[in-house]
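*Asks:* please find the sequence and the predicted model below.
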Amino acid sequence: QVQLVESGGGLVQVGGSLRLSCAASGRTFSRNAMAWFRQAPGKEREFVAAISWSGGTRYYADSVKGRFTISRDNAKNMAYLQMNSLKPEDTAVYYCAAAPPYKTAASRFERDYDDWGQGTQVTVSS
């Protein structure tokens with residue numbers, strides 16, 4: 001099992017930026033896909049972005065495409081989500097997720113990730 005800890009959330013005004021970080025520890029980090037999901041109040045958790053273990057494949061939800069960028073640093077056991085041009089509808093708890101070992105392909109689906117962080121709150125005020 002891998003332990004994931006998110007950080008970087010907070011309160012930001014519309015149009016602002018935040019960078020979320022996900023620190024991984026435990027089993028080998030580098031040979032699995034990573035992703036970010038989010039859950040707004042009263043809504044189901046939804047996919048935001050995913051990255052393959054090599055970083056060569058990245059997927060984004062349509063709602064964040066062009067504004068958010070997912071990245072990873074395998075040497076540091078870190079994953080990141082750079083969020084620009086934030087909107088009120090981006091307000092949610094953001095979760096980092098890791099796929100099982102050697103599942104290297106990025107995926108948009110929760111079922112493909114078995115380790116989750118505790119989440120970090122992002123609030124965008126208008």
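*Replies:* Now that the structure is in, tell me what you want to look at.
*Asks:* going by C-alpha atoms from here, please, whenever you check contacts or count neighbours.
*Replies:* Fine.
*Asks:* in the sheet, who's paired with the closest residue to Glu110 other than its chain neighbours?
*Replies:* Counting by Cα to Cα, 6 or more residues apart in numbering, Phe47 is the residue found nearest to Glu110 once chain neighbours are left out, at 7.6 Å. Counting by DSSP bridges, Phe47 forms beta bridges with Phe37.
*Asks:* center of this structure - which residue?
*Replies:* Nearest residue to the geometric centre of the chain (Cα atoms, centre = their mean): Trp36, 2.2 Å.
*Asks:* surely it and Phe47 touch.
*Replies:* Yes. The criterion here is Cα atoms under 8 Å, and Trp36 meets it with Phe47 at 6.6 Å.
*Asks:* just checking, what packs against the longest strand seen in the chain?
*Replies:* For the chain, the longest strand by residue count, based on DSSP state E, is strand 18-26. Packing partners of strand 18-26 (3 or more Cα pairs under 8 Å, 6 or more residues apart in numbering; DSSP states H and E): strand 2-7, strand 78-83.
*Asks:* can I get the ones you listed in TSV including mean neighbour count?
*Replies:* Converted to TSV, the helices and strands packed on strand 18-26 look like this (neighbours: other Cα atoms under 10 Å):
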stretch	mean neighbour count
strand 2-7	20
strand 78-83	21
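*Asks:* export those as TSV, with columns for distance to Gly66.
*Replies:* What follows is those, written out as TSV (distance: least, Cα to Cα, whole Å):
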stretch	distance to Gly66
strand 2-7	22
strand 78-83	10
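*Asks:* mean pLDDT and distance to Arg19 added to these, as TSV?
*Replies:* Output for these, formatted as TSV (pLDDT from 0 to 100; distance: least, Cα to Cα, whole Å):
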stretch	mean pLDDT	distance to Arg19
strand 2-7	94	9
strand 78-83	97	4
